[in-house]
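Undergrad: Mind looking at a prediction? Sequence and model below.
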Amino acid sequence: MDQAVPFNIDVHHLRDMMARDEAFHVLDIREPWETGICGFDGSLMVPMRTLPARLAELPRDKPLVVVCHHGVRSLHATQWLRHMGVDNAVNLQGGIDAWARQIDPGCPTY
């Protein structure tokens, strides 16, 4: 990657990345029952508790936007991932809930 990846982005920044067709991955660390309610198409689904065992699977070629429900788990996961050398990890502040409330009202909340 050419530029340093920010540690946090908000849902408006993510929407703009999508609108500009920027290359990135979404890492959804919620539990399967949560991802069944709503989420981003094409996300890599890795529940937070399984991250250590699946660390080698994570792509490192473009920003890796880490998503959870409200942004708390993803904040901790992003900190841990960065500590483990996954420098492309970036936390989505507010999580899927902020996305549903501020960007996509068709996305169910829970």
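TA: Nice, I can see it. Residues are numbered from 1 along each chain as shown.

Undergrad: List phi and psi for the residue positioned nearest the centre of the chain.
TA: When C-alpha atoms, centre = their mean is applied to the chain, the residue found nearest the centroid is Val66 (2.2 Å). Backbone torsions for Val66, taken as degrees, to the nearest 10, come to phi -90, psi 130.

Undergrad: Contacts only, for it.
TA: Remark: with contacts taken as C-beta atoms under 8 Å, 6 or more residues apart in numbering, Val66 is in contact with Leu27, Ile29, Ser74, Ala77, Thr78, Leu81, Ala89, Val90, Asn91, Leu92. To be clear about C-beta, it is placed using only N, CA and C from the backbone, and glycine gets the same treatment.

Undergrad: and the helix of greatest length in the chain, what other elements does it pack with?
TA: With secondary structure taken from DSSP state H, the chain has its longest helix at helix 72-83. Helices and strands in packing contact with helix 72-83 are listed as helix 51-54, strand 64-67, strand 89-92, helix 95-102; criterion 3 or more C-beta pairs under 8 Å, 6 or more residues apart in numbering; DSSP states H and E.
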